[in-house]
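[1] Test case, fold it:
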Amino acid sequence: MSRIEDTTDDELACRELVELVTDYLDEVLDAAARARVDAHLTECDGCTTYVDQVRQTVATMRRLPPMPVPPALMARLLAAFRSGRSTL
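    Residues are numbered from 1 along each chain as shown. Below is the predicted model of the structure:
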């Protein structure tokens, strides 16, 4: 994890929180990282709002029925992943 210039070793910058939000919500962060995120959230209203929005988005997406991926699109996705390209 990269360090942000204006933070101490114990502090977490907003940019770092954005990188950790999925692992935080999935509860897979180690105890030290989770404590840093929790501490940051007690002091940063913007990040608290962001985490709540991501949490709500995930909950909404889980309620949607799965949609089939058309075979042609699946083939393009697999080809892109295999080649390491970031665009289709």
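[2] For Leu17, grab the count of nearby residues.
    20 (other CB atoms under 10 Å). Backbone N, C-alpha and C define where each C-beta goes, glycine included.
[3] Over to Thr49?
    Other residues within reach of Thr49, judged by other CB under 10 Å, total 11.
[4] Just the element for it, please.
    Element membership of Thr49 [criterion: DSSP states H and E] is helix 45-63.
[5] and what of Val69?
    Going by DSSP H and E, Val69 is not in any helix or strand.
[6] For it, give me phi and psi.
    The phi/psi pair for Val69 (degrees, to the nearest 10) reads phi -90, psi 120.
[7] just to revisit the earlier point, please list the outside residues in contact with the helix holding Thr49.
    If you take CB atoms under 8 Å, 6 or more residues apart in numbering as the criterion, helix 45-63 is touched by 14, 17-18, 21-22, 24-25, 40-41.
[8] at 6 Å what do you get?
    By CB atoms under 6 Å, 6 or more residues apart in numbering, the surrounding residues in contact with helix 45-63 are 14, 17, 21, 25, 41.
[9] No more questions from me, cheers.
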